[in-house]
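[1] Below: sequence and its predicted model.
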Amino acid sequence: MNNEQITNPAPLDGKTIAIISYITIIGWVISYIQYGNNKSQLAAFHIRQSLFLMLCAFGVCIAQMLFAFIPYLGRIISISLNLFLVGFLVLWIIGLINAVNGEQKPLPIIGNKAQDLLKGIN
């Protein structure tokens, strides 16, 4: 057996944490944990943006499942909620591009609300 000393890897920088926060809920959890090692304003900004975006999309999916049981009207509502999900996909792409560029631009429509509601993540 080789007795090599295992060292902890260096903490991620703020930009990397910001990018990872947009990659699924597991990526968000990893970025939140890494944020504890590196209190970057850029990382905190994008952690808040991505969490709020994921929560909104999750809420729309739950509503879509609930309305699926209503005949006729439920189908119409489900189609309109799909349009919201496409909009969330566009917002996700915008947020990811902002994180890659290292910018702290709030997402259109929901970005400022995300910063207000989730200001506890700082």
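    Yes, it's here. Model, not experiment: these values are computed from the prediction.

[2] Give the residue spans of this structure that score low on pLDDT.
    The model of the chain has pLDDT under 70 over residues 1-10.

[3] quick one, helices of it?
    Ranges of helices in the chain, per DSSP state H, are 14-20, 24-35, 41-67, 73-101, 111-117.

[4] so can I have a markdown table of those showing mean neighbour count?
    Glycine gets a C-beta too; all of them are placed from N, C-alpha and C. Shown next, in a markdown table, are the helices of the chain (neighbours: other C-beta atoms under 10 Å):
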| stretch | mean neighbour count |
| --- | --- |
| helix 14-20 | 22 |
| helix 24-35 | 16 |
| helix 41-67 | 19 |
| helix 73-101 | 15 |
| helix 111-117 | 16 |
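
[5] Distance check, residue 49 against residue 97.
    12 Å (C-beta to C-beta, to the nearest Å).

[6] How about residue 17?
    According to C-beta to C-beta, residue 17 and residue 97 sit 16 Å apart.

[7] Likewise for residue 27?
    Here residue 27 is placed at a distance of 16 Å from residue 97 (C-beta to C-beta).

[8] Residue 96: what's its closest spatial neighbour, skipping adjacent residues?
    Distance criterion C-beta to C-beta, 6 or more residues apart in numbering; nearest residue to residue 96, sequence neighbours excluded, is residue 22 at 4.6 Å.

[9] State the number of residues packed around that neighbour.
    Neighbour count of residue 22, defined by other C-beta atoms under 10 Å: 23.

[10] Would you mind measuring from it to residue 50?
    Taken as C-beta to C-beta, the span from residue 22 to residue 50 is 5 Å.

[11] How about the contacts made by the residue nearest in space to the middle of the chain?
    By C-alpha atoms, centre = their mean, the chain has its centre lying nearest to residue 50, at 2.0 Å. Residues near residue 50 by C-beta atoms under 8 Å, 6 or more residues apart in numbering: 21-22, 28, 92, 95.
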